[in-house]
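Chemist: Need the 3D shape of this:
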Amino acid sequence: MVEAVLAKFNIRLDLDQENLARHQLLLVIFLLQALTVWGLLTFNGLSDSLSLSLYAGPMYMALGAIIFAKIVSYLVRFSAYEKEVRNKSRLVADFRESWLNSDYLLAFLVPILFLPPFISLFSSLKTVIPEIQPFGLDQTFASLDRWLHFGFDPWVITHTLFSGALAAGILDFCYKLWFVLMFVFVLWQVVNVSLGHKRAQFLCAFLLVWFVLGNLMAVMMSSAGPCYYAVVLPGNDFYAPLMDRLGLYYDELKAGGGFFQLQTRDLQQQLLAYYQNGAMGMGSGISAMPSLHVAVAMLLYLSAREMNRFAGFFFLGFLLVIQVGSVHLGWHYAVDGYFSIIATWLIWNFSGWLVGYYAKAKGAKAA
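Modeler: Numbering: from 1, shown residues only. So this is what the prediction gives:
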């Protein structure tokens, strides 16, 4: 009966071995992250914090938008066909060829089904980092920042180069834009199965960045960041001048009522409330080192430059803006971003090698 249904919809079962190997690798990373997060939370008596569905809604809504855009783009292309082939039969044939084949379904469904729980597990662990490893390296990273920048605090440099409330509002806007660009880029990679090796390399690197940097390294180098410096080091007002300045910019932009606002300040207070109440929600969790904002921006640049020179230039500029903004807005120490850039470059190259090696090994075994 199953064979009859598959035959009716022209779904073939033979799988390309390299395609199969690439997605087996993604499943291995998914499983490794899930077991690691479960183990860490269980070992520390925090299993109640485990969530698999925290980001399911937004992820699937974003996916729906991407699929809709892809369908529209196909219909535009279909309308350009010669009149004699622009019919229902051609439409059905194209749909079967492009979507209803086992290689595409495998490549499409593996990341789609597992990305929402993957991000939810990431957030589950991030939220309880201080309960596993208390924030203890903020003073070290602050001192390292000043040493690397010849005795100056990096935020003083950025606020000298990009002074005023408007500059802070623009950087805040770009920092929020990061979420949109990341989701669109990731889901674009998911649906564009024809990208082959480079797509698999990106998805593998994306998972490893969030797992290795966002989970494992964040626990090992537990730190809160400049905006929470006085919270984790009570009585220490080292970053009070920065936060006071951002507070003035926040009031100025809010009073002006313009497009650019400093919503970072509201978000920082919301995350602080999550932290103090021991609650978990979308975006909850405080962690400075490494900077995932910078790491993901670096990954988008590394992937985009492989596909289009101009896209590479755009994402390189975006990476620089995110690095500056992370310091300027008090989220991160500069070294958080420097570390993330180097680590992401290593992960990107390792992922390229790993995907190629795994696919070749699988293909040789099948032969």
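
Chemist: Surely residue 286 is in contact with residue 225?
Modeler: Yes: at 7.1 Å, residue 286 counts as touching residue 225 under the criterion of C-beta atoms under 8 Å. All C-beta atoms are positioned from the backbone trio N, CA, C, and that covers glycine.

Chemist: Tell me how many other residues crowd residue 177.
Modeler: 13 (other C-beta atoms under 10 Å).

Chemist: in what helix or strand does it lie?
Modeler: Element membership of residue 177 [criterion: DSSP states H and E] is helix 165-191.

Chemist: What is that helix packed up against?
Modeler: helix 56-79, helix 102-127, helix 197-208, helix 240-256, helix 292-304, helix 309-328 (3 or more C-beta pairs under 8 Å, 6 or more residues apart in numbering; DSSP states H and E).

Chemist: Give me the pLDDT value at residue 308.
Modeler: Residue 308 is assigned 88 on the pLDDT scale.

Chemist: Could I get the contacting residues of it?
Modeler: Contacts here follow C-beta atoms under 8 Å, 6 or more residues apart in numbering; on that basis residue 308 touches nothing.

Chemist: so which of the helices and strands packed on helix 165-191 gets nearest residue 182?
Modeler: helix 292-304 (5.4 Å; C-beta to C-beta).

Chemist: which other residues reach that closest one?
Modeler: With C-beta under 8 Å, 6+ apart, helix 292-304 has contacts from 175, 178, 181-182, 185, 189, 198, 201-202, 205-206, 209-210, 213-214, 311-312, 314-316, 318-319, 322-323, 326, 331-332, 336-337, 340-341, 343-345, 347-348.

Chemist: just the buried members of these?
Modeler: Neighbour-count burial (16 or more other C-beta atoms under 10 Å) applied to the contacts of helix 292-304 gives 175, 178, 181-182, 185, 189, 201-202, 205-206, 209-210, 213-214, 311-312, 314-316, 318-319, 322-323, 326, 331-332, 336-337, 340-341, 343-345, 347-348.

Chemist: any idea of the mean pLDDT in stretch 121-136?
Modeler: 90.

Chemist: any weak-confidence spans in the protein?
Modeler: 1-17, 59, 62-63, 66, 84-86, 94, 96-103, 361-367 (pLDDT under 70).

Chemist: Show me the residue sitting in the middle of it in space.
Modeler: residue 296 (5.2 Å; C-alpha atoms, centre = their mean).

Chemist: any idea how far residue 289 is from that residue?
Modeler: 15 Å (C-beta to C-beta, to the nearest Å).

Chemist: which ones are touching residue 360?
Modeler: residue 18.

Chemist: Could you check the angle the one helix or strand it maps to makes with helix 309-328?
Modeler: Using DSSP H and E, residue 360 sits within helix 334-366. Helix 334-366 runs at 140 degrees relative to helix 309-328, counting by axes from the mean of the first three to the mean of the last three C-alpha atoms, to 10 degrees.

Chemist: tell me, how many neighbours does residue 105 end up with?
Modeler: 14.

Chemist: For residue 290, give me phi and psi.
Modeler: phi -80, psi 170 (degrees, to the nearest 10).

Chemist: correct me, but it touches residue 343?
Modeler: Yes: counting by C-beta under 8 Å, residue 290 does reach residue 343; the two are 6.3 Å apart.

Chemist: what's the overlap in contacts for the two?
Modeler: Joint contacts of residue 290 and residue 343 (C-beta under 8 Å, 6+ apart) are 213, 217.

Chemist: And residue 271, how far from residue 282?
Modeler: For residue 271 relative to residue 282 (C-beta to C-beta), the value is 11 Å.

Chemist: Show me which of those two is the more surrounded one.
Modeler: Using other C-beta under 10 Å as the criterion, residue 271 and residue 282 rank with residue 271 on top: 22 against 11.

Chemist: what residues are up against the closest residue to the more buried one other than its chain neighbours?
Modeler: Excluding the flanking residues, the one nearest residue 271 by C-beta to C-beta, 6 or more residues apart in numbering is residue 286, at 5.8 Å. Counting by C-beta under 8 Å, 6+ apart, residue 286 makes contact with 129, 130, 135, 224, 225, 228, 271, 272, 275.

Chemist: Buried only: go through the residues you listed for me.
Modeler: Of the contacts of residue 286, these count as buried by 16+ other C-beta under 10 Å: 129, 130, 135, 224, 225, 228, 271, 275.

Chemist: Identify, from those, the entry nearest to residue 93.
Modeler: The closest of the buried ones among the contacts of residue 286, once distances to residue 93 are taken by C-beta to C-beta, is residue 271, at 51.0 Å.
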